[in-house]
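Build me a model from this:
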Amino acid sequence: MKSGFGNTRGDSPPLNSRAKPLKRPSQARAIFTVEAIYEAFVRIWQRNGWSRLTTREVALEAGVAIGTLYDYFPSKKALLSGYIRHRLDVLLAQMDQDVIQANDLDWLARIKRLVRLTCDPDDPRQPLFNHAVSLIEHQIAEPKHHRRVYEELSQKWREAFAACGDLPTQPSAPTIEAWVIMAWGGRRYCITTQPAAEQTAAWLSEMEALVCSRLTSASRD
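Just a heads-up that it's a prediction; the model follows:
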């Protein structure tokens, strides 16, 4: 899998195969089972911490056989990897639904929503995008995975701006990509430094203002 955290440069060794999910569910029953596993995984992590978490305990709490869990996740690292990929997919889907397809919004409201979805390190919908995960990220993600996340986010941002039919001037692709780096990179740094709530709120507000003011000034030029 393929987290959105960590260093994207340098020569890191390939991950052990046991740190990777074996497959992704495709049928409705399998999706339901894996989501139950993820929910149990989050509860146990938040209750006991990473060091005390075991795949057997996750299976027991999720109400599935340990063999069923191992069909998808050969280790707890693979489980974390799969979960982070799952949450990234959820984030991308939220951008589709809440930003790109939100045709009732003007461009200003749409872009503010896009920035907030990308930046907010305390979004309750992403419960394990946090400092504890960042400390072990190197165990579950390779540089190619980070690159993939960046490319996926950049694509969603391009689609979001393309959906703003009332925006007089569209930003260039390099500008959009620079904003993605700034937004996602800032979110990750907030996760690392754990600023106070008021500092995080100020940063989110400034990010919205920065992008929106650049768009407004470009429209006036």
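
pLDDT weak spots in this protein?
Where the chain drops to pLDDT under 70, the residues are 1-15, 127-128, 218-221.

Mind naming the longest helix for it?
helix 197-220 (DSSP state H).

for that one, packing partners?
helix 107-119, helix 173-193 (3 or more CB pairs under 8 Å, 6 or more residues apart in numbering; DSSP states H and E). Where C-beta positions appear, they are placed from N, C-alpha and C, glycine not excepted.

Other residues contacting the last one?
Defining contact as CB atoms under 8 Å, 6 or more residues apart in numbering, one finds that helix 173-193 is touched by 4-5, 115, 118-121, 129-131, 134, 149-150, 153-154, 157-158, 161, 171, 200, 203, 207, 211, 214.

at 6 Å instead, please
Helix 173-193 is contacted from outside by Thr118, Cys119, Pro121, His131, Ser134, Leu153, Ser154, Trp157, Arg158, Thr200, Val211, using CB atoms under 6 Å, 6 or more residues apart in numbering.

Likewise for the shortest one?
When contacts are taken as CB under 6 Å, 6+ apart, the neighbours of helix 107-119 outside the stretch itself are 95, 98-99, 160, 164, 166-167, 183-184, 187, 204, 207-208, 211.

Would you mark the buried spots in stretch 119-130?
Using 16 or more other CB atoms under 10 Å as the test for burial, stretch 119-130 gives Cys119, Asp120, Pro121, Asp123, Gln126, Leu128, Phe129, Asn130.

The closest residue to the last one other than its chain neighbours and Asn48, how far apart?
The shortest distance from Asn130 to any residue that is not its chain neighbour, by CB to CB, 6 or more residues apart in numbering, is 6.2 Å, and that residue is Ile191. Distance, Ile191 to Asn48, using CB to CB, to the nearest Å: 21 Å.

Between these two, which has more neighbouring residues?
Taking other CB atoms under 10 Å, Ile191 and Asn48 do not tie; Ile191 has more neighbours (19 against 12).

and the residue most central in space within the chain, what element?
Of all residues in the chain, the one closest to the mean position by CA atoms, centre = their mean is Leu88, 3.8 Å from it. For Leu88, the host element (DSSP states H and E) is helix 76-95.

That helix packs against which elements?
helix 28-48, helix 143-162 (3 or more CB pairs under 6 Å, 6 or more residues apart in numbering; DSSP states H and E).
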